[in-house]
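Colleague: heads up, no residue letters with this:
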């Protein structure tokens, strides 16, 4: 472990907490003390609780992927196969939060994050949708306003995937998951609009995998899964090091009672590693 990572990780030991899945994604810690995540291949929403193991919460999720909470604590899921973003109500019913914008059908919603004003941003890459079925010429990042109105926040990303806010919510980071392997950054204005598109950090590497899921700790460090493991950047975009796991990770989330456990969904398994600084809570 390099010197920079030693200041971030409490221990270099990575623990495998669950395994036996098709392809894990979408980790999300619930303040009641359990981890949500998905198995995309099996279209399952799962729950892992320390000492209790795994429970299937929902089947037939339509290739459910990225997860977050809204400000009412309701579960938001990007359902790529269903080409929609759903919300699970308090009674367990699942409703559509977004499946179209300006009358056009979404591509394949991938990941989502909620802002403190209640608005929800989600990525909608189009490259995995057959050209004849695409209704958008771009791969937008959409915004769902607190009143439910859906608009395009930006269409300047080639293949937007994971996304996360800086601690002050003045910057939105978006991972680019195709040929140009880097993290976008945008200024976020009080009305939710995005400007000043720029490259935050490069993740080009000869190692396998691409920039994917992303989270931020309370000191503004960005954790993004990618080639060879989970890359850690300081707020200026300087690469501090890469957290290695036995399997390549696709997404990450902070959790545990103190939000100092970093959970990593990596192919067939879920891993955990302790960090010294808490992550930003999704709830």
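Modeller: It's in. Since we're looking at a predicted model, the values are computed, not measured. Residues are numbered from 1 along each chain as shown.
Colleague: for the residue of the chain positioned farthest from its centre, helix, strand, or coil?
Modeller: The outermost residue of the chain relative to its centre, with distances by C-alpha atoms, centre = their mean, is residue 132 at 27.8 Å. Of the three states, residue 132 takes helix according to DSSP: H, G, I helix; E, B strand; the rest coil.
Colleague: with residue 252 instead?
Modeller: Following three-state DSSP, the label given to residue 252 is strand.
Colleague: my guess is it contacts residue 266, does it?
Modeller: No. Residue 252 lies out of contact with residue 266 (C-beta atoms under 8 Å); the separation is 9.3 Å. Where C-beta positions appear, they are placed from N, C-alpha and C, glycine not excepted.
Colleague: what is the end-to-end distance of stretch 23-40?
Modeller: 6 Å (C-alpha to C-alpha, to the nearest Å).
Colleague: likewise for stretch 116-135?
Modeller: End to end - C-alpha to C-alpha - stretch 116-135 spans 31 Å.
Colleague: what mean pLDDT does it get?
Modeller: For stretch 116-135, mean pLDDT is 95.
Colleague: ditto for stretch 223-237
Modeller: Mean per-residue pLDDT for stretch 223-237: 97.
Colleague: what's the spacing between it and its chain's center?
Modeller: Relative to its parent chain, stretch 223-237 has a centroid offset of 13 Å by C-alpha atoms, centre = their mean, to the nearest Å.
Colleague: got the buried residues for it?
Modeller: 223-233, 237 (16 or more other C-beta atoms under 10 Å).
Colleague: strands - which of the residues you listed land there?
Modeller: 223-226, 229-233 (DSSP state E).
Colleague: thinking again about what came up before, ok, so of the buried residues of stretch 223-237, who is nearest residue 84?
Modeller: residue 225 (24.2 Å; C-beta to C-beta).
Colleague: number of residues surrounding the nearest residue to that closest one once chain neighbours are set aside?
Modeller: Residue nearest to residue 225 in three dimensions, not counting chain neighbours: residue 249, with 4.1 Å by C-beta to C-beta, 6 or more residues apart in numbering. Using other C-beta atoms under 10 Å, residue 249 has 30 other residues around it.
Colleague: quick one, what contacts residue 215?
Modeller: 164, 222-223, 252-254, 262, 279-280 (C-beta atoms under 8 Å, 6 or more residues apart in numbering).
Colleague: now those in CSV, with distance to residue 216?
Modeller: Putting the contacts of residue 215 into CSV (distance: C-beta to C-beta, whole Å) gives the following:
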residue, distance to residue 216
164, 5
222, 5
223, 7
252, 10
253, 11
254, 9
262, 12
279, 7
280, 5
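Colleague: what subset of those residues is buried?
Modeller: 164, 222-223, 252-254, 262, 279-280.
Colleague: of the residues you listed, closest to residue 107?
Modeller: residue 164 (20.5 Å).
Colleague: now that closest one: which helix or strand?
Modeller: Per DSSP states H and E, residue 164 falls inside strand 160-165.
Colleague: what is that strand packed up against?
Modeller: strand 112-114, strand 120-123, strand 171-176, strand 214-216, strand 222-226 (3 or more C-beta pairs under 8 Å, 6 or more residues apart in numbering; DSSP states H and E).
Colleague: same thing but at 6 Å, please
Modeller: In this structure, strand 160-165 packs against strand 120-123, strand 171-176, strand 214-216, with contacts taken as 3 or more C-beta pairs under 6 Å, 6 or more residues apart in numbering; DSSP states H and E.
Colleague: centre of the chain to the longest one, how far?
Modeller: Looking back up the chat, that one is strand 171-176. 10 Å.
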